[in-house]
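>>> sharing a model that was predicted from the sequence below.
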Amino acid sequence: MLHLRADVVYRKGWVLNIHRISRGVVLKIFYPSLMIISAFWKSKKEAFQCAVIDMNNRLVKAERKKTKRILILLPHCLQIDECSIRLTHNIYNCKRCGRCEIKDLIEITEQYRLSLFVATGGTLARKIVKETDPEAIIAVACERDLSSGLVDTYPLPVLGIPNERPFGPCLNTRVDLSRVKDAIAFFGAD
């Protein structure tokens, strides 16, 4: 017998989250299809990636996952390029000078007791996710890295926040700290 609730289907003891299944369709079928189309329509590639990130975020929010085991994953380009300290092995080596947003992000994660890491690319990001074993992720990156990272980490709930690139890609990027705080509050870590 099939019983319906707004976001979950129950069938013989199985619980199927419609939003998680929909997210899988978006990330495993729709996204690759869009990337094939973007091979012929290069001017739309970033717009397609933004659309996938937005759909993913909406579906993650519809799942209403609550947890305090949150990983915040950052790109190395948030660190100011003139800094002599490398943070990819230990973000807490940061001198907290305030020239970039790393200081603020460390303070936020210390306040909520969350995991915070900087990744230089997809391979390191996947390793960090595997080692920290979070229940949810807040990821900051460019649209390309975010969209592919969402695919790699499915079915984990990941809220993606595209970084701001006032100096171009991979150089002194920024993140809207209020969006990070909102994501933390959504997962219930406050």
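Alright, I've got the coordinates.
>>> what ranges does this structure have for its strands?
2-4, 8-11, 14-17, 70-75, 115-119, 136-141, 158-162 (DSSP state E).
>>> can you get me a residue count around residue 48?
Neighbour count of residue 48, defined by other Cβ atoms under 10 Å: 19. Every residue, glycine included, has its C-beta placed from N, CA and C.
>>> if we can go back for a sec, return the member of the strands of the chain having the minimum mean pLDDT.
Ranked by mean pLDDT, those bottom out at strand 2-4, which scores a mean of 45.
>>> buried ones in stretch 43-50?
Within stretch 43-50, the residues that count as buried by 16 or more other Cβ atoms under 10 Å are 45, 48-49.
>>> model confidence over it, on average?
94.
>>> got the contact list for that stretch?
The contact list for stretch 43-50, computed with Cβ atoms under 8 Å, 6 or more residues apart in numbering, reads 34-35, 37-38, 143-144, 146-147, 162.
>>> mark which of those residues are buried, thanks.
With burial judged by 16+ other Cβ under 10 Å, the buried subset of these is 34-35, 38, 143, 146-147, 162.
>>> sorry, back to before: how about the contacts of stretch 43-50, which pair is most distant?
Pairwise distances among the contacts of stretch 43-50 were taken by Cβ to Cβ; the largest, 20.3 Å, belongs to 37 and 162.
>>> quick one: low-confidence parts of this protein?
Scanning the chain for pLDDT under 70 picks out 1-16, 189-190.
>>> may I ask you to name the longest helix in the chain?
Counting residues, the longest helix found in the chain (DSSP state H) is helix 45-63.
>>> okay, and the beta partners of the residue nearest to the spatial centre of the chain?
By Cα atoms, centre = their mean, the chain has its centre lying nearest to residue 139, at 2.5 Å. Listed by DSSP bridges, the beta-bridge partners for residue 139 are residue 73, residue 160.
>>> quick revisit: using a markdown table, lay out the buried ones among the contacts of stretch 43-50 together with distance to residue 71.
Shown next, in a markdown table, are these (distance: Cβ to Cβ, whole Å):
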| residue | distance to residue 71 |
| --- | --- |
| 34 | 26 |
| 35 | 25 |
| 38 | 29 |
| 143 | 20 |
| 146 | 14 |
| 147 | 18 |
| 162 | 18 |
